[in-house]
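# Here's my sequence, what's the structure:
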Amino acid sequence: SDGSSYDGELKDGKRHGFGTYHFASGAEYEGQWEDNKKNGFGTYYFSDNSGYKGDWKDNKKNGIGTYYYPDNSRYDGRWEDDEKNGIGTYYYPDNSRYEGEWKDDKSHGIGTYYYPDNSRYEGEWKDDRENGRGIIYYNNKTSNFIKSMGQFKNGKMYGVGRKIQKDCKIYVGDWDKNNS
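Numbers count the residues shown, from 1 in each chain. Next up, the predicted model:
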């Protein structure tokens with residue numbers, strides 16, 4: 001025996017139904033089993049103080065669930081084959097968050113990132129970066145600008161865009177030259 005143990009329902013000698021599996025590493029899974037695999041709703045407590053509570057299919061996170069990370073961040077949303085895919089929200093330890101579409105475990109598609117100072121970016125994302133059309137709404141207490149709009153590439157303004165100042169002055173520029 002490797003120190004693991006199981007307490008729960010069995011069918012034909014396999015974990016099937018509801019049960020709790022204690023891993024030798026200190027991790028624990030409590031939930032639904034089917035044919036010795038995590039299937040259905042369950043909670044997995046990892047030995048690093050992270051955890052996942054949600055839907056499982058064939059031993060992988062699939063469906064709706066919440067993952068709690070050791071740094072106190074968390075992700076609430078859709079999973080597919082152990083990766084964030086679909087609509088979800090990631091809450092960061094600094095009180096920022098991303099709400100929107102995910103693909104292959106990265107923010108990808110349409111989404112909004114809320115910065116800790118209450119400014120935000122709304123627009124298109126690719127591979128965890130602002131890419132495509134978007135708007136930054138600034139925190140009026142910390143910036144002279146109200147918003148910036150235009151194209152973004154790898155997290156920075158790119159191409160022709162506009163910035164609007166508090167006094168309603170509008171700046172139009174070519175951000176290719178890093179004039180952001």
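# what secondary structure does the residue nearest the centre of the chain sit in?
Nearest residue to the geometric centre of the chain (Cα atoms, centre = their mean): Tyr90, 3.7 Å. Classification of Tyr90 using DSSP: H, G, I helix; E, B strand; the rest coil returns strand.
# Please name the residues that touch it.
Ser73, Arg74, Tyr75, Lys84, Arg97, Tyr98, Ser107 (Cβ atoms under 8 Å, 6 or more residues apart in numbering). Heads up, the C-betas are built off the backbone N, CA and C, glycines and all.
# now Glu30
Gly19, Thr20, Tyr21, Gly42, Thr43, Tyr45.
# Name whatever forms a beta bridge with the second one.
With beta bridges defined as DSSP bridges, Thr20 has these partners: Asp7, Glu30.
# Now do the same contact list for it.
Tyr6, Asp7, Gly8, Glu28, Tyr29, Glu30.
# quick check, nearest of those to Asp128?
Tyr29 (28.9 Å; Cβ to Cβ).
# and the closest one, how many neighbours does it have?
Counted by other Cβ atoms under 10 Å, the residues lying close to Tyr29 total 22.
# Was I right to think it contacts Phe41?
No. At 11.4 Å, Tyr29 does not count as touching Phe41 under the criterion of Cβ atoms under 8 Å.
# Which of the helices or strands spans Trp56?
strand 51-57 (DSSP states H and E).
# ditto for Met157
Element membership of Met157 [criterion: DSSP H and E] is strand 156-165.
# same for that strand, what does it pack against?
Contacts defined by 3 or more Cβ pairs under 8 Å, 6 or more residues apart in numbering; DSSP states H and E place strand 156-165 against strand 145-153, strand 170-174.
# For my notes, please list the ones you listed in CSV and give mean pLDDT and distance to Val160 for each entry.
What follows is the helices and strands packed on strand 156-165, written out as CSV (pLDDT from 0 to 100; distance: least, Cβ to Cβ, whole Å):
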stretch, mean pLDDT, distance to Val160
strand 145-153, 93, 6
strand 170-174, 90, 6
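# Pick the most deeply packed of those strands.
Ranked by mean neighbour count under mean count of other Cβ atoms under 10 Å, the helices and strands packed on strand 156-165 are led by strand 145-153, which reaches a mean of 19.
# Can you tell me the strand partners of that one and which way each runs?
strand 129-137 (antiparallel), strand 156-165 (antiparallel).
# any idea which of those strands is most buried?
strand 129-137 (a mean of 19).
# Quick one: mean pLDDT over that one.
Strand 129-137 shows a mean pLDDT of 96 in the predicted model.
# quick check, distance from that strand to the centre of its chain.
17 Å (Cα atoms, centre = their mean, to the nearest Å).
# any residues touching that strand, and which ones?
113, 119-126, 146-156.
# thinking again about what came up before, what angle sits between the strand holding Met157 and strand 170-174?
160 degrees (axes from the mean of the first three to the mean of the last three Cα atoms, to 10 degrees).
# Alright, that wraps it up for me.
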